[in-house]
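*Asks:* How does the following fold in three dimensions:
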Amino acid sequence: MSGHSKWNNIKNKKEKSDSQRAKIFTKFGREIAVAVKEGGPDPDANSKLRDVIAKAKAQNVPNENIMRSIKKAAGDNGGADYESIIYEGYGPSGVAVIVETLTENRNRTASDVRHCFDKCGGNLGTVGCVSFMFDKKGVIIIDNEDGELDEDTVMMDALDAGASDFSAEDGYFEILTEPEEFGVICDALEQKGYAFSQAEVEYVPQTTVQLTDETAIKNMNKLIDMLEDSDDVQNISHNWEE
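*Replies:* Numbering: from 1, shown residues only. Model (predicted):
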């Protein structure tokens with residue numbers, strides 16, 4: 001989830017994933033199925049699949065689950081044909097929101113996403129209404145709450161691997177990459193022994209907005225929760241500075 005105070009978002013994500021692991025596994029299974037059908041089951045030859053695997057590993061999806069999903073998708077009957085659809089809209093007080101989905105029923109998904117926005121004081125917009133406020137980047141988060149990692153060493157390793165930007169804040173390191181370089185940089189950092197708290201290509205806001213109204217804050221949190229509970233929603237990006 002894009003936005004400021006990213007490390008708090010990551011910790012909240014992990015707390016939720018612990019109680020919803022089956023749903024997390026299902027969502028990654030969909031992403032893997034789409035990647036395999038588009039580019040084949042070999043991650044060395046399929047950069048999209050390699051990126052999904054890196055993202056799944058950062059969310060502690062077991063390797064056997066990943067391999068099982070790849071094998072299933074590569075079979076004669078790879079399951080449902082999922083379509084990737086991106087929705088854009090405004091949350092409470094005009095917060096820009098991008099919702100990435102994978103669905104086999106676009107009418108159901110559109111209705112569900114619209115319902116989430118309507119229930120939380122927002123409104124679903126047209127394609128392009130907010131995406132111009134974001135840049136698509138590979139985002140890698142490395143936990144350093146225990147302070148064991150040296151900032152300069154991590155920064156040099158990241159930049160040597162090809163990262164476009166590096167920052168350190170609140171007990172974590174954030175590494176940004178160009179989307180097409182994401183998988184290669186993940187591999188290079190993993191080979192140096194780094195573990196990721198997050199690794200995914202996402203929409204990063206160019207600027208952020210703050211909410212001061214308690215009702216707006218409550219509704220924004222509710223919107224995020226409702227969207228995350230949807231089986232069809234894969235990723236949510238926003239420009240709210242929590």
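
*Asks:* Give me the buried positions along the longest strand seen in the chain.
*Replies:* Looking across the chain with DSSP state E, the single longest strand is strand 134-143. Going by neighbour count (16 or more other Cβ atoms under 10 Å), the buried part of strand 134-143 is 134, 137-143. For the C-beta atoms, the positions are set from N, CA and C on the backbone; glycine is no exception.

*Asks:* What does the pLDDT read for residue 79?
*Replies:* Looking at residue 79, its pLDDT stands at 62.

*Asks:* mind listing what's buried in stretch 73-91?
*Replies:* Within stretch 73-91, the residues scored as buried using 16+ other Cβ under 10 Å are 73, 78, 82, 85, 87-91.

*Asks:* Can I get it in CSV? Just the C-alpha atoms.
*Replies:* Extracted in CSV, the C-alpha atoms of stretch 73-91 (Å, rounded to 0.1, in the frame of the first residue of the first chain):
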residue,chain,number,x,y,z
ALA,A,73,-1.0,-22.9,-13.9
ALA,A,74,1.4,-24.6,-16.3
GLY,A,75,-0.9,-27.7,-16.6
ASP,A,76,-3.5,-28.3,-19.2
ASN,A,77,-6.2,-27.0,-16.9
GLY,A,78,-4.7,-24.0,-15.3
GLY,A,79,-7.9,-22.9,-13.7
ALA,A,80,-10.0,-19.7,-14.4
ASP,A,81,-8.9,-17.1,-16.9
TYR,A,82,-8.3,-14.0,-14.8
GLU,A,83,-8.4,-10.5,-16.3
SER,A,84,-6.4,-7.6,-14.8
ILE,A,85,-8.5,-4.5,-14.3
ILE,A,86,-7.3,-1.3,-12.6
TYR,A,87,-9.9,1.0,-10.9
GLU,A,88,-9.2,4.6,-10.0
GLY,A,89,-11.2,6.9,-7.6
TYR,A,90,-11.3,9.2,-4.7
GLY,A,91,-11.6,8.3,-1.1
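
*Asks:* Just give the closest residue to residue 178, not the sequence neighbours.
*Replies:* Excluding the flanking residues, the one nearest residue 178 by Cβ to Cβ, 6 or more residues apart in numbering is residue 164, at 5.8 Å.
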